[in-house]
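A.B. asks: attaching a predicted model along with its sequence, questions to come.
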Amino acid sequence: MPMTCTAKNRELTVRLSGEIDHHAARQLMLELDREIESRFPRRLVLDLAQLTFMDSSGIAVLLRTCRRMQEVRGTMQVVNVPRQPAKVIRAANLHKVLSVSFLP
Amino acid sequence: MRPINQVKMEFDSRSANEGFARAAAACFAAQLDPTLEELGDVKTAVSEAVTNVIVHAYPDAIGRVLLRLRLFEDNTVEITVRDWGVGIPDLEKAREPMFTTGGADRSGMGFTIMESFMDAMRVRSAVGKGTTVTMRKKISVRVGRP
């Protein structure tokens, strides 16, 4: 799935687009791991504005990425979550354990 | 109740088919004129059910997955996902939120999401024989619909 990264002052912004399902999740996790390990960001911002679909495989990706950020003593924010992914995140109560902001 | 329309398809339990299955289901359900949110619910539920088959029913092999979609006069869509895989030994446990045998890659939220996105879900499973998941959702009838 398409992913673009911009880094500034140890803040890494990753924009995800397309669909996160079990098929896409493994590769996405590997790529996110690689970005975190090569840049050691203090803050990771995951921008989901262009994400058109996410199922529970995405929950595992978000939780694991958050743990990876904690391991490097950084924080993670998930921003601009569209409606379908938002519903999945809410159903899993993920917004209570992660920093998440939703698109209106 | 007899369906007003139905379709059956069978495909390999390959992860590349997850996207195909949910797109096909959304396309078929579109006949009931669902909202974008309802369409998203159908796609999500199908994605979860098919992923369960790929990850759990056939852990070390490629097997058959049957997807059956039926539409009823009361504007209900019924989704059935069937496999002939290993089966689920403890259904109650499998349906618990956060329970998974799939390791760190899986969230254990599949059944919980299917249940909360659809109106009804029934799971039948026999160890060594396979699993059938049937879900139903009533699509709202919108004002001004022709």
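C.D. replies: Sure, I can see it.

A.B. asks: what packs against the least confident helix or strand in chain B by mean pLDDT?
C.D. replies: Lowest by mean pLDDT, DSSP states H and E among the helices and strands of chain B is helix B:91-94, with a mean of 91. Packing partners of helix B:91-94 (3 or more Cβ pairs under 8 Å, 6 or more residues apart in numbering or on different chains; DSSP states H and E): strand B:120-126. Yep, even glycine has a C-beta here, placed from its N, CA and C like the rest.

A.B. asks: could you point out which element follows the strand it packs on?
C.D. replies: Downstream of strand B:120-126, the next assigned helix or strand under DSSP states H and E is strand B:130-138.

A.B. asks: neighbouring strands for that following strand, and are they parallel or not?
C.D. replies: Strand B:130-138 pairs in its sheet with strand B:76-83 (antiparallel), strand B:120-126 (antiparallel), by DSSP bridges.

A.B. asks: about what we covered before: anything in the next helix or strand after the least confident helix or strand of chain B near chain A?
C.D. replies: Helices and strands here follow DSSP H and E; after helix B:91-94, the next one along the chain is helix B:110-117. Yes. Counting by Cβ under 8 Å from any Cβ of the partner chain, chain A has neighbours in helix B:110-117: B:G110, B:T112, B:I113, B:S116, B:F117.

A.B. asks: just the residues contacting helix B:110-117, thanks.
C.D. replies: A:55-56, A:87-88, A:91-92, B:41, B:44-45, B:48-49, B:51-52, B:94-95, B:97, B:121, B:123, B:133, B:135, B:137 (Cβ atoms under 8 Å, 6 or more residues apart in numbering or on different chains).

A.B. asks: try it again with 7 Å
C.D. replies: Outside helix B:110-117, the residues within contact range by Cβ atoms under 7 Å, 6 or more residues apart in numbering or on different chains are A:56, A:88, A:91, B:41, B:44-45, B:48-49, B:51-52, B:94-95, B:97, B:121, B:135.

A.B. asks: circling back: of the residues of helix B:110-117 next to chain A, which is the most crowded?
C.D. replies: Sorting the residues of helix B:110-117 next to chain A by how many neighbours each has (other Cβ atoms under 10 Å in any protein chain shown) puts B:G110 first, at 30 neighbours.

A.B. asks: and the pLDDT at that residue?
C.D. replies: Confidence at B:G110, expressed as pLDDT, is 91.

A.B. asks: excluding sequence neighbours, find me the nearest residue to it.
C.D. replies: Computed as Cβ to Cβ, 6 or more residues apart in numbering or on different chains, the closest residue to B:G110 that is not its neighbour in sequence is B:E48, at 4.3 Å.

A.B. asks: please apply the same query to B:G63.
C.D. replies: In space, and not counting its chain neighbours, B:G63 is closest to B:S13: 4.8 Å by Cβ to Cβ, 6+ apart.

A.B. asks: so what's the residue count around that neighbour?
C.D. replies: As a burial measure, B:S13 scores 21 neighbours (other Cβ under 10 Å).
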